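this is the structure alone, sequence omitted:
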């Protein structure tokens, strides 16, 4: 039938797309991890948060995407209209996907909050945001992600779906509020610098440079969050519609591609780091030049 053909071509397209994206996610994030480790200009708390986010994106490329692709391959081989949510293999695939995607989402929230504190506290930032405190936050985020992902095995699916969405919504709200605050602080700083630029540069040139760097890194985090929204909102919308109206062939097609869009975020994150964070970009360029020389 036409519906079976539509689902078959959807599976084939997702197999091809995710096979490519898992490769780019692993390679780009591995390079980014090396670049973050090599740069000495980033604060240690920020480096820790960025490394945690990059590791979660590598996990998506190494575990979540290949397993998700294998689900589509299995459907093609069995000529099945869709996976059985209750089967152990399906639960394992979704648990790993939730683990790394939740860790990535919490990582974006933590980085957004860190950049807001850096630009808001300024000189007090290094006093309050220390490496041990950030390490506790990172460990907590991974433990929470692991706990939420294990819900697939011991909580009924109709309860697991809303429970998993609760921390996701909270992390999105934290990121959104931090980005809004960053925008307001950056706008206020720009107005102040515009009105007192000559006096500011003459009296405190070093602080001016540092503030400018903080603004750039904060704006870079904003782009990371926007990319996250673009990649995750379609999937959330699809699952809300399925919950309210039930599944359909068209919705299954949209859900398949929205899941691939979620995985695309793990490829976009390192690209955004290199584009908006100058120190990481320079570190990676130096590494590539030394490799090719």
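That came through fine. Here the structure is a predicted model, which means the values were calculated and not measured.

quick one, helices of the stretch 51-200 of the chain?
Listed in chain order, the helices of the stretch 51-200 of the chain (DSSP state H, counting those that start in this stretch) span 65-78, 88-121, 125-128, 131-149, 151-154, 157-203.

deepest of those helices, which one?
helix 88-121 (a mean of 22; mean count of other CB atoms under 10 Å). The way it works is simple: take the backbone N, C-alpha and C, and place the C-beta from them, glycine included.

next one: it to chain centre, how far?
Computed by CA atoms, centre = their mean, to the nearest Å, the chain-centroid distance of helix 88-121 equals 6 Å.

what bits of the stretch 51-200 of the chain have low per-residue confidence?
Applying pLDDT under 70 to the stretch 51-200 of the chain picks out residues 79-86, 194, 196-200.

50 instead?
Along the stretch 51-200 of the chain, no part satisfies pLDDT under 50.

before we move on, back to that, okay if I get the helices of the stretch 51-200 of the chain as a markdown table plus distance to residue 219?
Below are the helices of the stretch 51-200 of the chain laid out as a markdown table (distance: least, CB to CB, whole Å):
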| stretch | distance to residue 219 |
| --- | --- |
| helix 65-78 | 29 |
| helix 88-121 | 9 |
| helix 125-128 | 17 |
| helix 131-149 | 21 |
| helix 151-154 | 36 |
| helix 157-203 | 7 |
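
nearest spatial neighbour of residue 265, skipping sequence neighbours?
Nearest non-adjacent residue to residue 265, counting by CB to CB, 6 or more residues apart in numbering: residue 231, 3.9 Å away.

so that neighbour makes contact with residue 264?
Yes - here residue 231 reaches residue 264: they are 5.6 Å apart, a contact under CB atoms under 8 Å.

ok, the nearest residue to residue 181 once chain neighbours are set aside - contacts?
In space, and not counting its chain neighbours, residue 181 is closest to residue 116: 5.1 Å by CB to CB, 6+ apart. The neighbourhood of residue 116, defined by CB atoms under 8 Å, 6 or more residues apart in numbering, consists of 178, 179, 181, 182, 185, 218.
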